[in-house]
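Asker: I'll drop the sequence and a predicted model, then ask my questions.
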Amino acid sequence: MSTELDEVARALFNGQIPAIWRKLAPDTLKSLGNWMIHFKRRFDQYKFWVEKGEPTVMWLSGLQIPESYLTALVQATCRKNGWPLDRSTLYTQVTQYSSEEEVKEKPGQGCFVSGLYLEGADWDLENSCLVRSTPKVLVVQLPILKVIPIESHRLKLQNTLRTPVYTTSMRRNAMGVGLVFEADLFTTKHISHWVLQGVCLCLNSD
């Protein structure tokens, strides 16, 4: 048995993701069992995309490079509308949809994405805003998020926390690796309150 296979066997025995697999997969903190469930769901989404077309709701956590999908979304919208690419951006709206099954059709512009987890706060679905975390609940799943390309000069946001979206709860390193994009979350409190709480979104729950 080669050294590489020996390391794979040892990792599987210990319930860990083999290093050779980890190099080819999106960054994750999951155990082997949870990672396999995640891997199967990723495969199913790619298979659906190939056979039936782009999903109505894109499970962003299941993409190899999610930021590339969002970049392509902006590029496609710019081509369609004749907007200059360097003067276009994204903004987001949290929908009232709690699950992918509730969404029956794609938005006229932009896309719906799922698979985001909120840390440092909770989400009030009725009032569509950030609220304090429930005691002992550290992470909650965000409802379906609508991502909308727009020309930068038209973007006028108020009472909105520009929230970083990270790949994992480790957030990002000194080089900025791990940051995917920034989402806009409505709040009735001052922005500084949530900054001090360390509010962020992650694509993977551990």
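Answerer: Received it, and whenever you're ready, just let me know what you need.
Asker: so where do the helices sit in the chain?
Answerer: Under the criterion DSSP state H, helices of the chain are mapped to 3-13, 19-22, 32-52, 66-81, 191-196.
Asker: for stretch 155-169, give me every contacting residue.
Answerer: Counting contacts by Cβ atoms under 8 Å, 6 or more residues apart in numbering, the residues outside stretch 155-169 that touch it are 26-29, 66, 89, 91, 116, 119, 130, 139, 171-172, 178-188, 191, 194-195, 199-206. From N, CA and C alone the C-beta is placed, and that goes for glycine too.
Asker: what about it, average pLDDT?
Answerer: Per-residue confidence for stretch 155-169 averages out to 91 on the pLDDT scale.
Asker: ends of that stretch, how far apart?
Answerer: Using Cα to Cα, to the nearest Å, the span of stretch 155-169 from its first residue to its last is 29 Å.
Asker: before we move on, back to that, return the most buried member of the helices of the chain.
Answerer: Each of the helices of the chain was given a mean neighbour count from mean count of other Cβ atoms under 10 Å, and the largest, a mean of 15, is that of helix 66-81.
Asker: remind me what that one packs against, helices and strands.
Answerer: Helices and strands touching helix 66-81, by 3 or more Cβ pairs under 8 Å, 6 or more residues apart in numbering; DSSP states H and E, are strand 88-94, strand 145-151, strand 179-186.
Asker: next, the buried residues of the first one.
Answerer: By neighbour count, and taking 16 or more other Cβ atoms under 10 Å as the criterion, the buried residues in strand 88-94 are 88-94.
Asker: TSV for these, including distance to A76?
Answerer: Rendered in TSV, the data for these read as follows (distance: Cβ to Cβ, whole Å):
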residue	distance to A76
S88	11
T89	14
L90	12
Y91	16
T92	17
Q93	19
V94	23
